[in-house]
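Undergrad: fold the stuff below for me.
(2 chains)
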Amino acid sequence: MTHQPARRAEMPGPEALSSPRDREPLLSLAALSLARNGHSVLDRVSFDLGRGETLGLVGESGAGKSTIALVAMGLLRPPAVTVDGGMRFAEQDNLLALPEPVWAALRGRRISMIFQDPASALDPCFTIGGQLASPLRRLLGLDRGAARRRSIELLESAGLNDAEARLAAFPHELSGGMQQRVMIAIALACNPELLLADEPTSALDVTIQAQIMQLILQQVRARNASCIFVLHDLALASQVCDRIVVLYAGQVAEAGPTEIVLRRSLHPYTNALKSCVIELDTETLTPPEGGLPALGAMPQGCRFAPRCPRATAECTAQTPPLRRLDGRDIACWHPG
Amino acid sequence: MTDASPIFQLLDVEKVYQIDRGRWSRLGRSPPRRLAALDGIRLTVQAGDSIALVGESGSGKSTLLRVLLGLTGSSDGRALYRGDDIETLTDAKRRSFQRDVAMIYQDARASLNPRLKALDLIGEPLRQHALCRAPELPERVASLLARVGMPADTADRYPSQLSGGQVRRVAIARALASEPKVIVADEAVSGLDVSTQAQLLNLLRGLQREMGLTLLFITHDLAVASYLCSRIAVMYLGRIVETGPTKEVLRRPLHPYTRALLNASPRFFEPIAETLPGEIPSPIDLPPGCRFAGRCPRAEPDCRAHEPPLGATHLDREVACLHPLID
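TA: Numbering: from 1, shown residues only, chains lettered A, B, ... in the order given. Now for the predicted structure:
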């Protein structure tokens, strides 16, 4: 927590983001591949996340967004899946090879997660207070009284009024928005360096969504933590993310600063996603036909080629490599 | 003649649930509490209309649907289908009501029997209403599947073998099977990928235009409402607070709640809007006055004293607000 303010001002430019020699990224994926039952789920996914940065993973279901979050949280590991490539976090060179005891000290303490559905992520058998105190006592070693005082502070900063009385409440006694506030308080209890938020507001009403997103951003910025959002709403992603990684069928299609990727997109898939976004003045929608290829039947070459309006023979013959183009990383033979 | 009357007419419909305070309340120490899920709903749906019902969870949208479909009786007021009270339809009229009004449920997968193949799921209404002879059934199902953009071999699949978007299409095909005149859809495109959502929205819009369907669409997404529906009714805590032509209402909202909903929808590259404070309050034992006053940025003392009625303003619009947004 040494350098808090003016985070946006000191954001490195796009060039520095892909080759950050001056500032080590907090999390770095290098050609991460993951297979489950012999089916490729992630294919050579690479991106870096700087300290204090917010990054959005976007794409259709099955693109691998949540898988990346689960791997980064140490919840999806060999032998359940086979992995290749690397994932580096701060001084830990290979997250994928860490034994469980090391993970247990990392998870919740330095990397934590907000799940999509707070009603099923919170334990219905334990009070809010108990679930909040658990990481404080186990990971930070606070005693009962200190954990209680800290819990009240956390709930108050998460925007729950009457925090002290809420400690004795069970999750079902709270509304969905309140439950998500509790989840945020738990996730941020130990001041993690990396927060993973998997569709944190898709179970909530729009007015509550805006409140919760603002709360997450404000809390993450106050701690100079980094955050990975898994989102399907591109408009929301443009509002909260410094950088965007567009995933398609387990591969990075396009990645870079939000302005560049969403305003001046070059990958046909990013364009296709944008064409699906419905706004108040939308007269016609022109979504791409079909859906993602099945896990066992990945097409050769570019995985988006079967749905791509610009696909040529080259696209089905060879997988396009991820390369730098005009301020972003892109995997496409025919960008534009 | 009944055919000239509106498809649906809700006349001051009220739905109140009595909340038991527990076993001691029966000793008469405290009166049971009232939960007014619907309070004085007036709504007319003409043939060919497309109406969006929008509002946050707890605003009464789904209860309103249940009353319209005759699944729940109203506590007060009348709900009419083509001039007849929905609760007391004669058997013959009820059968034609069930055939003419089809429902697409929010959770399509849960609404379909997992042990039936698509053929039987879509064929069930055909058999029920004796719309075709048994040998023709597979052909009719195939044409319904084609109508929703699915290949004919889908008929052989169970819901578990279909993706989320495909299951919704089967649910739509099933709804279309009885050749309905009215489609009632509860959040039929929520919780899907943007691409699947866009495909389904185009499908629903096409069906509605080609078949001249009357559409009643519950959604929380104002953009979806504007894409599909010519009219909109915004609900808050069991009341309709604003209605009118969708484009007009969204371009120039009159009720502060409608404007708050508009502001809360994410917009590209704009900072997250200042949000409404708090959450939708509990509908149990509501205080007097406007229900939105507690969260309203424009609330004045008279808002807490008088409940504003839904009144006509101009241009086919109605708003329930003492201080509407008229500049």
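Undergrad: for the stretch 201-327 of chain B, which segments count as strands?
TA: In the stretch 201-327 of chain B, the strands defined using DSSP state E, counting those that start in this stretch lie at B:214-219, B:231-236, B:239-245, B:311-312, B:318-319.
Undergrad: need the ones you listed in TSV (columns: mean neighbour count).
TA: Where you see a C-beta, it was placed from the backbone N, CA and C, and this is true even at glycine. Formatted as TSV, the strands of the stretch 201-327 of chain B follow (neighbours: other CB atoms under 10 Å in any protein chain shown):
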stretch	mean neighbour count
strand B:214-219	24
strand B:231-236	25
strand B:239-245	24
strand B:311-312	11
strand B:318-319	24
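Undergrad: worst average pLDDT in those?
TA: With a mean of 84, strand B:311-312 has the lowest mean pLDDT of these.
Undergrad: partner strands of that one, parallel or antiparallel?
TA: strand B:318-319 (antiparallel) (DSSP bridges).
Undergrad: contacting residues around the strand it pairs with?
TA: Contact with strand B:318-319 is made by B:240, B:241, B:242, B:243, B:244, B:254, B:255, B:310, B:311, B:312, B:313, as judged by CB atoms under 8 Å, 6 or more residues apart in numbering or on different chains.
Undergrad: let's have the strands of the stretch 201-327 of chain B in JSON lines, adding distance to residue B:114.
TA: Output for the strands of the stretch 201-327 of chain B, formatted as JSON lines (distance: least, CB to CB, whole Å):
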{"stretch": "strand B:214-219", "distance to residue B:114": "24"}
{"stretch": "strand B:231-236", "distance to residue B:114": "33"}
{"stretch": "strand B:239-245", "distance to residue B:114": "37"}
{"stretch": "strand B:311-312", "distance to residue B:114": "48"}
{"stretch": "strand B:318-319", "distance to residue B:114": "43"}
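Undergrad: for residue 279, what are its contacts?
TA: You didn't say which chain, so I picked chain A. By CB under 8 Å, 6+ apart, residue A:279 lies in contact with A:235, B:223, B:267, B:268.
Undergrad: that answer is for a different chain, and I need it for chain B
TA: A:175, A:177, A:178, A:208 are the contacts of residue B:279 under CB under 8 Å, 6+ apart.
Undergrad: contacting chain B as well, which ones from those?
TA: Near chain B, judged by CB under 8 Å from any CB of the partner chain, the entries from the contacts of residue B:279 are A:175, A:177, A:178, A:208.
Undergrad: can you add secondary structure, neighbour count and pLDDT and give the residues you listed back as JSON lines?
TA: Listed next are those as JSON lines, based on DSSP: H, G, I helix; E, B strand; the rest coil; neighbours: other CB atoms under 10 Å in any protein chain shown; pLDDT from 0 to 100:
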{"residue": "A:175", "secondary structure": "coil", "neighbour count": "17", "pLDDT": "89"}
{"residue": "A:177", "secondary structure": "helix", "neighbour count": "25", "pLDDT": "90"}
{"residue": "A:178", "secondary structure": "helix", "neighbour count": "22", "pLDDT": "92"}
{"residue": "A:208", "secondary structure": "helix", "neighbour count": "25", "pLDDT": "88"}
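Undergrad: list the contacts for whichever residue of the stretch 51-200 of chain B sits closest to chain A?
TA: Chain A sits closest to residue B:198 of the stretch 51-200 of chain B, with a gap of 3.6 Å, by CB to the nearest CB. By CB under 8 Å, 6+ apart, the contact list for residue B:198 reads A:275, A:276, A:278, A:285, A:286, A:287.
Undergrad: please repeat the previous calculation with a cut-off of 6 Å.
TA: A:276, A:285, A:287 (CB atoms under 6 Å, 6 or more residues apart in numbering or on different chains).
Undergrad: now do the same for residue B:99: helix, strand or coil?
TA: helix (DSSP: H, G, I helix; E, B strand; the rest coil).
Undergrad: these two touch, right, it and residue B:130?
TA: No. When contacts are counted by CB atoms under 6 Å, residue B:99 is not listed as touching residue B:130 (10.2 Å).
Undergrad: neighbour count for those two, which is higher?
TA: Applying other CB atoms under 10 Å in any protein chain shown to residue B:99 and residue B:130 shows that residue B:99 carries more neighbours, namely 17 against 7.
Undergrad: and that one, what does it touch?
TA: Neighbours of residue B:99 in contact, by CB under 6 Å, 6+ apart: B:129, B:178.
Undergrad: next one: the one 5 residues further on
TA: For residue B:104, the contacting residues are B:171, B:172, B:175, B:185, B:188, by CB under 6 Å, 6+ apart.
Undergrad: hmm, the second one is touching residue B:147, no?
TA: Put plainly, it is residue B:172. No. Residue B:172 is beyond contact range of residue B:147, at 8.6 Å (criterion: CB under 6 Å).
Undergrad: among those two, which residue is more densely surrounded?
TA: Remark: of residue B:172 and residue B:147, residue B:172 carries more neighbours, 26 against 18, as counted by other CB under 10 Å.
Undergrad: find the nearest non-adjacent residue to the more buried one, please.
TA: residue B:148 (5.1 Å; CB to CB, 6 or more residues apart in numbering or on different chains).
Undergrad: up against chain A, what does the stretch 51-200 of chain B have?
TA: Counting by CB under 6 Å from any CB of the partner chain, the residues of the stretch 51-200 of chain B lying close to chain A are B:56, B:57, B:193, B:194, B:195, B:198, B:199.
Undergrad: count the neighbours of whatever residue of the stretch 201-336 of chain A ends up closest to chain B for me.
TA: Closest residue of the stretch 201-336 of chain A to chain B, CB to the nearest CB: residue A:287 (3.6 Å). For residue A:287, the neighbour count with other CB under 10 Å is 21.
Undergrad: before we move on, what about residue A:301?
TA: 18.
Undergrad: wait, it touches residue A:321, no?
TA: No. Applying CB under 6 Å as the test, residue A:301 and residue A:321 come out as separate, 11.7 Å apart.
Undergrad: so residue A:209 touches residue A:201, yeah?
TA: Yes. Taking contacts as CB under 6 Å, residue A:209 lies within contact range of residue A:201: 3.9 Å.
Undergrad: please report phi then psi for the closest residue in space to the residue of the stretch 51-200 of chain B closest to chain A that isn't next to it in sequence.
TA: Spatial nearest neighbour of residue B:198, chain neighbours left out: residue A:287 (3.6 Å); criterion: CB to CB, 6+ apart. Backbone geometry at residue A:287, expressed as degrees, to the nearest 10, gives phi -70, psi 150.
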